[in-house]
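Trainee: Next input, structure requested:
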Amino acid sequence: MYTILQIKNLGLVRNDENLKILLELYNKIFDVELRREIVSSIDRQKNDTVILEFIKENFYKCGFMELVYQMYRTCLYKGKYNFQF
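Mentor: Model (predicted):
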């Protein structure tokens, strides 16, 4: 089981390996607080194409407003860098 601190640390190191781990964790962990932190850590990664696909696939089916808000914040933040649907 991962902790919020471990997930934050994964998000701090921006590489494709950590992004892959975070995406896998999102699908395995069902605790809302941990999933919110996973989404936040995914936001910190560099691969905008993968992040956009993740949001497109999960935005409407995540089921919790905390996750929707975090995904929306990702879109707003990345929008500064031409991150578009």
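Trainee: average pLDDT for the biggest helix by length in the chain?
Mentor: The longest helix of the chain (DSSP state H) is helix 65-79. Averaging pLDDT along helix 65-79 gives 87.
Trainee: Run the chain-centre distance for it.
Mentor: Put simply, helix 65-79 sits 9 Å off its chain's centre (Cα atoms, centre = their mean, to the nearest Å).
Trainee: for stretch 69-83, same thing?
Mentor: The chain centroid and the centroid of stretch 69-83 are separated by 11 Å under Cα atoms, centre = their mean.
Trainee: where are the low-confidence patches of the protein?
Mentor: 80-85 (pLDDT under 70).
Trainee: Spatially central residue for it, please.
Mentor: Taking Cα atoms, centre = their mean, the centroid of the chain lies closest to residue 39, which sits 2.4 Å from it.
Trainee: Could you pull out the buried residues of the helix or strand containing it?
Mentor: Element membership for residue 39, per DSSP states H and E: helix 32-43. Across helix 32-43, burial judged by 16 or more other Cβ atoms under 10 Å covers 34, 35, 36, 37, 38, 39, 40, 41, 42, 43. Every residue, glycine included, has its C-beta placed from N, CA and C.
Trainee: my guess is the second one meets residue 23, correct?
Mentor: No. Look at residue 35 against residue 23 with Cβ atoms under 8 Å: they stay out of range, at 11.8 Å.
Trainee: Now for those two: what residues contact both?
Mentor: Listed contacts common to residue 35 and residue 23 are nil; contacts here mean Cβ atoms under 8 Å, 6 or more residues apart in numbering.
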